[in-house]
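A.B. asks: after the sequence you'll find the predicted model.
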Amino acid sequence: MFWCSGTEDAINEMQNDPLALQTHFENQENQLAGLTQHVRSNLTDLQRCIIVALITTDVHARDIVEELKQENVQSIYDFNW
């Protein structure tokens, strides 16, 4: 839900800031880097499984934002969104 809301906010913000979706993408990359670093630390098996699941979900979300950028989505009403 947060990803969807944040992505829509970034798309809407593109009217004022054409790089808003790119910034959103970069923020996702930074979050993934943090999770990746965290999964390499000393964790319980359960903690590691949870973080791996988060990484998997976030990679998929990041890939969708990258596709939206490539498709030049400019509005939340664009078909690709």
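C.D. replies: Sure thing, it's come through.
A.B. asks: going forward, measure contacts and count neighbours with C-alpha atoms only.
C.D. replies: OK.
A.B. asks: quick one: residues contacting residue 12.
C.D. replies: Residues in contact with residue 12 (Cα atoms under 8 Å, 6 or more residues apart in numbering) are 74, 75, 76.
A.B. asks: the helix or strand where it lies: which residues count as buried?
C.D. replies: Counting by DSSP states H and E, the element that carries residue 12 is helix 2-13. By neighbour count, with 16 or more other Cα atoms under 10 Å as the criterion, the buried positions of helix 2-13 are 7, 8, 10, 11, 12, 13.
A.B. asks: nearest to residue 56 among the residues you listed?
C.D. replies: residue 7 (17.7 Å; Cα to Cα).
A.B. asks: distance of the closest one from residue 60?
C.D. replies: 13 Å (Cα to Cα, to the nearest Å).
A.B. asks: distance check, the residue lying closest to residue 61 once chain neighbours are set aside against residue 59.
C.D. replies: The shortest distance from residue 61 to any non-neighbouring residue, by Cα to Cα, 6 or more residues apart in numbering, is to residue 3 (7.5 Å). The spacing between residue 3 and residue 59, counted by Cα to Cα, is 12 Å.
A.B. asks: now swap in residue 69 and tell me
C.D. replies: With distances taken as Cα to Cα, residue 69 is found 15 Å from residue 59.
A.B. asks: can you check residue 79 too?
C.D. replies: According to Cα to Cα, residue 79 stands 22 Å off from residue 59.
A.B. asks: give me the more crowded residue out of these two.
C.D. replies: Ranked by neighbour count (other Cα atoms under 10 Å), residue 79 and residue 59 place residue 59 first, with 15 against 7.
A.B. asks: ok, and what's touching the helix or strand where residue 27 lies?
C.D. replies: Per DSSP H and E: residue 27 is located in helix 20-39. Contact with helix 20-39 is made by 6-7, 10-11, 13-14, 48, 51-52, 55, 58-59, 62, 65-66, 69, as judged by Cα under 8 Å, 6+ apart.
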